[in-house]
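K.L.:
Generate a structure from the sequence data that follows.
(4 chains)
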4 protein chains.
Amino acid sequence: MIIVLRPDATREQKDHVIKKIKSLGFQAHVSEGTERTIIGAIGDEAALQTVPLEAIPGVEKVLPILKPFKLASRDFRPENTIVTVGKEAIGGKRIAIVAGPCAVENKTLLVEIAKSVKDAGANFLRGGAFKPRTSPYAFQGLEEEGLKYLADARERTGLPIVTEVMDVRDIDLIAKYADILQIGARNMQNFRLLKEVGLCKKPILLKRGISATIKEWLMSAEYIMAGGNRDVILCERGIRTYETATRNTLDLSAVPVLKQMTHLPVVVDPSHAVGKWDLVAPMAKAAVAAGADGLLIEVHSNPEEALCDGEQSLKPKAFKQLMDEMRPIAAAVGREI
Amino acid sequence: MIIVLRPDATREQKDHVIKKIKSLGFQAHVSEGTERTIIGAIGDEAALQTVPLEAIPGVEKVLPILKPFKLASRDFRPENTIVTVGKEAIGGKRIAIVAGPCAVENKTLLVEIAKSVKDAGANFLRGGAFKPRTSPYAFQGLEEEGLKYLADARERTGLPIVTEVMDVRDIDLIAKYADILQIGARNMQNFRLLKEVGLCKKPILLKRGISATIKEWLMSAEYIMAGGNRDVILCERGIRTYETATRNTLDLSAVPVLKQMTHLPVVVDPSHAVGKWDLVAPMAKAAVAAGADGLLIEVHSNPEEALCDGEQSLKPKAFKQLMDEMRPIAAAVGREI
Amino acid sequence: MIIVLRPDATREQKDHVIKKIKSLGFQAHVSEGTERTIIGAIGDEAALQTVPLEAIPGVEKVLPILKPFKLASRDFRPENTIVTVGKEAIGGKRIAIVAGPCAVENKTLLVEIAKSVKDAGANFLRGGAFKPRTSPYAFQGLEEEGLKYLADARERTGLPIVTEVMDVRDIDLIAKYADILQIGARNMQNFRLLKEVGLCKKPILLKRGISATIKEWLMSAEYIMAGGNRDVILCERGIRTYETATRNTLDLSAVPVLKQMTHLPVVVDPSHAVGKWDLVAPMAKAAVAAGADGLLIEVHSNPEEALCDGEQSLKPKAFKQLMDEMRPIAAAVGREI
Amino acid sequence: MIIVLRPDATREQKDHVIKKIKSLGFQAHVSEGTERTIIGAIGDEAALQTVPLEAIPGVEKVLPILKPFKLASRDFRPENTIVTVGKEAIGGKRIAIVAGPCAVENKTLLVEIAKSVKDAGANFLRGGAFKPRTSPYAFQGLEEEGLKYLADARERTGLPIVTEVMDVRDIDLIAKYADILQIGARNMQNFRLLKEVGLCKKPILLKRGISATIKEWLMSAEYIMAGGNRDVILCERGIRTYETATRNTLDLSAVPVLKQMTHLPVVVDPSHAVGKWDLVAPMAKAAVAAGADGLLIEVHSNPEEALCDGEQSLKPKAFKQLMDEMRPIAAAVGREI
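P.N.:
From the prediction side, this is the model:
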């Protein structure tokens, strides 16, 4: 931690800062520059990160040296984490394709979609039984009934299932049915939910908050990992910007940035990012080229009747075509689909 | 709802859209323009807002005419809502001043701060017992012990208390102690929490999400109100932008915008918005001038030892001075403090 | 154009709006909805887009139906524009690779870099002779001397050159040397410069403004095209968001969005977007997969001595490797490099 | 400047960084921390700010200690700059009110508006003769004729005039008529224009770029000041965010932030920020309360016929009422109007 003093800081203020740092168990390394005095605090920086050093009179600013997360960082674990679910894995050579409808709507439709995505080569089935909706008047999901349909679809296709958990009270129920629990963008900083899924034995797919920095996102992964659950998958799903031509702005550069900062697998959800079905394919391909470990893609047999996000869903035929088009790109970056 | 067809939409596609609209119980009003055909759907627009009309082939875009919220809108209730708590009120002529520490740290300190803000003219005491922290390693709050200290401080000062709820499982406990429950920015779209506090009998102070639009924020108020709780107070606390000179960017224009769109009271939290104590006073004054119904201000006797957000806390003396400076501004806009 | 009236609009206000629309040569198509009256203005919408209809009492909002640009739109010209420069082209099957240093620094170095990028397969040489720098104290470019070096490098390698113009007074000079004139992000709405290059006979590479919407960007292309110059190439180079892990956020979804909205070629500059050399390769590949017609990539033989943007420059060897890695991706999307 | 090495930096890399720093005339102050080695470069930091230290192998990041601007900083000049224009001043106790139409449209109208704002207490007349318009098809201004009308209005009212310059070729012409030259938001980083107005003898009103950081804005002021013109007035006019309820988001916290960082006067343009006339008054009052040195307010006698920005213009009567309402707020913050 580097503490920069104001140009008008007094001797007493400087001494006070030094004393404070030492009292917290750090060495103080003072450096008198041409225009500013700076003080380096030598020791385990994590212990200082929650101390309000900027509240001390005479301090101009505080510059942290290290990242605020530990378990999630590549410093802590240099090799890639591979999350395995039965015979499937996320983070290895094979790119994981998680496909399915936004919401589980009924049994027949779900099985139909599940079979079609399986045939096209998907590895996982997605579908929401508990849905976070902006409007209290919109369809909120089938809840446990939806989970049962998902389990049934898994039985018929062999595809492990990914579904969202929104409420600490539902974790046990959902974990009974699902293979991977998803934390949605709106709950990325629902810290109680993060803590509780940290105690869960199932892998967690953690979506990036709609305006979360990459650091904040990794801090949320840290919450889960600090609870004991090391199987965290990060999912980029678009961030909020001023641009309205797409639902969100897909931040694909987050993929290589994360690959440097963390050992956790990184998947991309182009469907929620762009919000329009005819933009999904190019962004899915781009995600593969950028190095993503997997993709979440919304597929629906009849988008205009979908109870949720129909406008961004691919029909099974378009999904199959996309799968075929992505394979040579995966090969070009040393992966496979 | 206005549906704009693509220039290349076929006759069949047009007919399909019209049939669809009629099947949903709407009249279709077709208007052939110079370059586009547009179709107006006449009826209760709310029923259409969750139908994925953009997924229909031949549709270029869909333009909603109405706001997606109802109970929260000024159309629904033209007069201002005034939330009363004992002898205090938020939304009336008197500007409500909610002051206190970020987190409840210990009994003595809390009472000391409570007395000082009461003496300076504050109407409410704030303080977190359950703290949402970006880092799992930071101080997470005293929980029920903290609530007891708050109740004790209320008893000694008469100030009603405002404190945050983060978890559906804590609502009953917190409601037992608190006068107003706060939903923090990170939970503005924690829809389960919103639904549950909608069933609660205490007023809810709903902070704006860090990148929530004003419409989304009002949709979250709608969630609470749809559950039966009409006492919702909106709190602007800064939004995320690219600017890093302040912790967030205080969007004061949200105050007059909300005054047009909703009947709910609007308060402002300049402390979290700016993130630095020496910027709080000018922004608090500006909030009063912009028409805010209240302010949340962080006050701490010893900011550099604070367990949370010390860098943005005013000392009691500075808070008192600010209160004195705000009074003539309040008077200038027809209010009082 | 759709005009939505306020719920409290009077009969006189409604009549005034209708009269106004008619006086401007439009038909007024009135539709009385359940909660709002809406008025459609039938006619050439472009003529209405600069009329302040929202300033009329009783008007709640105005919804445009058409895009505000014409010459740049795909409605106007359905087939792709291919910009040709000698034997090279941008917008055809072959992906154009524009490589070179940020700034022209000296003759030897430029020729060395030009040869290396030529050998690796680049089609164009880039290099700034006039540099827009955030600081007045930074290196501002070699000006005409730099242009001469560029022309010399072209002669030695056969690569056409792309270089930036910042000032209306330099257009003739730069056009004498350059094959393509670049308008930088900071000048995307320097309308006088746009007008003047609209009169120029050389193709214009128009970078997206740092926070320009796609619509505003196309309006800037429209400025150039309205002057008579139809050879405009759009260049996505990252937009400003709250995220600081990268210099800007590369908005790759702009590529497929633009492909729907306009016939103009779209290239991508991953170097400026990410700002760090080790993030350039994955984003360059992603851009190819997303359908870009070309790439701008900064290459420098000795980045740590570069006078501009050294931290984001690839060394020639890394550039060559990237070229090799991009070829199969280009092939996978039906293109070639 | 603090240089942080990567945890895997080699001895050779460290030595290379130290050698490099010394070769540039700095002392290197090495500090071996628990997890990182950091190197402080002691000397005139400005000289290092354009060296690409992050391009050096082994360097993880570079942390600047000082601000990158000098002449504009309060370190350089602790007392406030007061810009005087005849008998008027900006930056002193009296708050400067700059009012008038967006664009100069005709002589009669301009004089009418000028008289009305003068009567209401404005100190300056604003009006554009050269207009930067997003669309090439919109009204572009009356050019020199407009300047003559402005001069005529000045003669009749005594109000000094503020008008925009967009093109280096117009500076002499505009400076012949205007009292203050305005650089618009879109030209804030038109560095050639900044350089040229730095040679001009008239004060410059520099609007903040639509997504400029406060630091970048001050760097643009520095460009002007480095040319010799020290009379720079900064104008906050709203920044681009994701929120669409207002045209831009007025960043009022920029006012106190700038007051700490610079000695230059700071004015606020609420009209362009909010984009709707009925939101202007509360934000104008808030700006005064926040400590602004002046306001730019758009006034038009007949907004619905305005050729530019009619929807955000106040009528003279509403302007007069606002002036009356702002006076007690100005008094409350120790200023006058």
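
K.L.:
In the stretch 1-150 of chain A, what residue lies closest to chain B?
P.N.:
A:Pro52 (3.1 Å; C-beta to the nearest C-beta). Bear in mind the C-beta positions are built from the backbone N, C-alpha and C, glycine included.

K.L.:
Quick check: the gap between that residue and chain C.
P.N.:
22 Å (C-beta to the nearest C-beta, to the nearest Å).

K.L.:
when you scan the helix or strand hosting A:Leu193, is anything in it near chain B?
P.N.:
Secondary structure assigned from DSSP states H and E places A:Leu193 in helix A:191-197. Yes - using C-beta under 8 Å from any C-beta of the partner chain, helix A:191-197 reaches chain B at A:191-192, A:194-195.

K.L.:
Mind telling me which residue of the stretch 151-300 of chain A is nearest chain B?
P.N.:
For the stretch 151-300 of chain A, C-beta to the nearest C-beta, closest residue to chain B: A:Ser211, 3.4 Å.

K.L.:
Neighbours of that residue, how many?
P.N.:
23 (other C-beta atoms under 10 Å in any protein chain shown).

K.L.:
Run through the residues that contact it.
P.N.:
A:239-240, B:210-211, B:240, C:242, D:242 (C-beta atoms under 8 Å, 6 or more residues apart in numbering or on different chains).

K.L.:
nearest to C:Ile2, of those residues?
P.N.:
D:Tyr242 (23.9 Å; C-beta to C-beta).

K.L.:
Would you mind listing the buried residues in the longest helix along chain A?
P.N.:
Ranked by residue count under DSSP state H, the longest helix found in chain A is helix A:316-332. For helix A:316-332, a neighbour-count test (16 or more other C-beta atoms under 10 Å in any protein chain shown) marks A:316, A:318-320, A:322-323, A:325-330, A:332 as buried.

K.L.:
Just confirm yes or no for that helix near chain C.
P.N.:
Yes - residues of helix A:316-332 contacting chain C under C-beta under 8 Å from any C-beta: A:325, A:328-329, A:331-332.

K.L.:
mean confidence for that helix?
P.N.:
Mean pLDDT, helix A:316-332: 98.

K.L.:
Give me the residues contacting it.
P.N.:
Applying C-beta under 8 Å, 6+ apart, the contact partners of helix A:316-332 are A:95, A:97, A:99, A:113, A:116-117, A:119-122, A:277, A:280-281, A:284-285, A:288-289, A:297, A:299, A:301, A:314, A:336-337, C:285, C:289, C:325, C:328-329, C:331-333.

K.L.:
how about the strands in the stretch 101-250 of chain A?
P.N.:
A:124-126, A:161-164, A:180-183, A:204-207, A:232-236 (DSSP state E, counting those that start in this stretch).

K.L.:
Can you pull up the residues of the stretch 101-250 of chain A that come close to chain B?
P.N.:
A:132-139, A:166-169, A:186-187, A:189-192, A:194-195, A:210-211, A:216, A:219, A:222-223, A:226, A:240.

K.L.:
Among the residues you listed, name the buried ones.
P.N.:
Among those, the ones that count as buried (16+ other C-beta under 10 Å) are A:132-139, A:166-168, A:186-187, A:189-192, A:194-195, A:210-211, A:216, A:219, A:222-223, A:226, A:240.

K.L.:
Inside helices: which ones of these?
P.N.:
Using DSSP H, these in helices are A:191-192, A:194-195, A:216, A:219, A:222-223, A:226.

K.L.:
For chain C, state which of those is nearest.
P.N.:
Distances from chain C to these, taken by C-beta to the nearest C-beta, are shortest for A:Glu216, at 10.1 Å.

K.L.:
From B:Ser220, how far out is that closest one?
P.N.:
21 Å (C-beta to C-beta, to the nearest Å).

K.L.:
Also A:Ile239?
P.N.:
From A:Ile239 to B:Ser220 the distance is 20 Å (C-beta to C-beta).
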